[in-house]
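>>> Provided below for reference: sequence and predicted model.
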Amino acid sequence: MTATQLLGRDDFLEAKRLEEDASAHTLRAYRSDLDQFASFLAAYVSGEETDYRGNRAKRSGQAPAIPAEAVSSDAVRAWSARMHEARLSAVTIGRKLAAVRSFCNFLCREGILESNPARQVRNPKTEQRLPRFLTESDVDALLGFVDESPTGHRDRALLELLYATGLRASELVGLNRNSPRADNTLRVLGKGAKERIVPFGARACAALDTWLAVRDVWLAGDSPRPRKLDGTDREDAIEALFLGDHGGRLTTDALRRILDRRLRESPIAKRVTPHALRHSFATHLLNSGADLRAIQELLGHESLATTQRYTHLSTRRLQDVYRASHPRARREQE
């Protein structure tokens, strides 16, 4: 064993994968958080000084795997304190504590623990910040580039579709050739392998049609920097709606690089991520009078409260709603 870990961690991760269809990204985050806690716990139970990652002042060779029963409320509180000392953000601390709580819930279900010791440790309060979003004129500037190259057609199609649908980056790159339907809707596989249907408009449709013709040429081996794709990579590329510069399925990292490049070419002086386009999609729908429940469905949110965090009413919109709705405000206008 190359690193200290909690006994039962692998069974927990496998349960997450099978029962909740957790993504590879989610599983990596759980594994990293639990391994950090395990290394911290190994030092904590032996009375050694350590940071939240388990980097101890003294080392006595290979630390053994430690039993899950060693987890205590005091240990979790001490770990939280070390994370505060390291000035981790409240969101990061909360995520790491949530990983330990979820692990302990699994141990309770398996009969290894009688109660969850991490439940008594509260998350730090987080500042409610609105995600970044673009104005409608910003979006016009971003999508206003002229590039008739193969990559230009691809970039326009994926950015138009991203803004037209509000998809997550992982959902966009996960689209397949048969995801777009004849009625200008997409079949999207979201979190938890839940399928939803999302419409898109005429501009995204036109950009997508142009890209599909280019895509067929790329698959024939004429991408800007082609490379030989074999086996499952080749099969995945044939299925994929969007391809990367080397001919394989587009990745989320490549999507971010494409967005960064197009932003540098635009007059927009903002740092924008694919998630900001998702938030812009929701914001513009809401400001134009769309129902919050409809936006929730389009975004694929389980909870309406989640949708409310993604959306943002402008001051002007709030004032318009107030003037149109409040009795005294209405009288003042009469």
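Structure received. Numbering: from 1, shown residues only.
>>> For the rest of this, base every contact and every neighbour count on C-alpha atoms.
Fine.
>>> Grab the nearest non-local neighbour of Leu167.
Arg278 (6.2 Å; CA to CA, 6 or more residues apart in numbering).
>>> Distance check, the one you found against Gly166.
Distance, Arg278 to Gly166, by CA to CA, to the nearest Å: 4 Å.
>>> show me the contacts for the residue nearest to Leu167.
Shown in contact with Arg278 (CA atoms under 8 Å, 6 or more residues apart in numbering): 162-163, 165-168.
>>> where's it, which helix or strand?
helix 274-287 (DSSP states H and E).
>>> Give me the next element, helix or strand, following that helix.
Following helix 274-287 toward the C-terminus (DSSP H and E): helix 292-299.
>>> Now do that next one and helix 274-287, the angle between them.
Following axes from the mean of the first three to the mean of the last three CA atoms, to 10 degrees, one obtains 150 degrees for the angle between helix 292-299 and helix 274-287.
>>> per the record, what domains does this protein have?
9-120, 136-318 (automatic domain parsing).
>>> can you give me the end-to-end distance of the first one?
Between the opening and closing residues of domain 9-120 we find a distance of 21 Å, counting by CA to CA.
>>> same deal with stretch 173-191?
14 Å.
>>> now for the lengthiest helix in the chain, which elements pack on it?
With secondary structure taken from DSSP state H, the chain has its longest helix at helix 24-45. Judged by 3 or more CA pairs under 8 Å, 6 or more residues apart in numbering; DSSP states H and E, the packing partners of helix 24-45 are helix 9-20, helix 73-85, helix 90-109.
>>> Strands of the stretch 151-300 of the chain, residue ranges please.
185-189, 195-199 (DSSP state E, counting those that start in this stretch).
>>> Of all those, which one is nearest Arg256?
Of all the strands of the stretch 151-300 of the chain, strand 185-189 sits nearest to Arg256, with 19.8 Å by CA to CA.
>>> Identify each buried residue in that closest one, please.
Across strand 185-189, burial judged by 16 or more other CA atoms under 10 Å covers 185-189.
>>> From the contact counts, what lies against it?
strand 195-199.
>>> What is the burial count for Ala65?
16 (other CA atoms under 10 Å).
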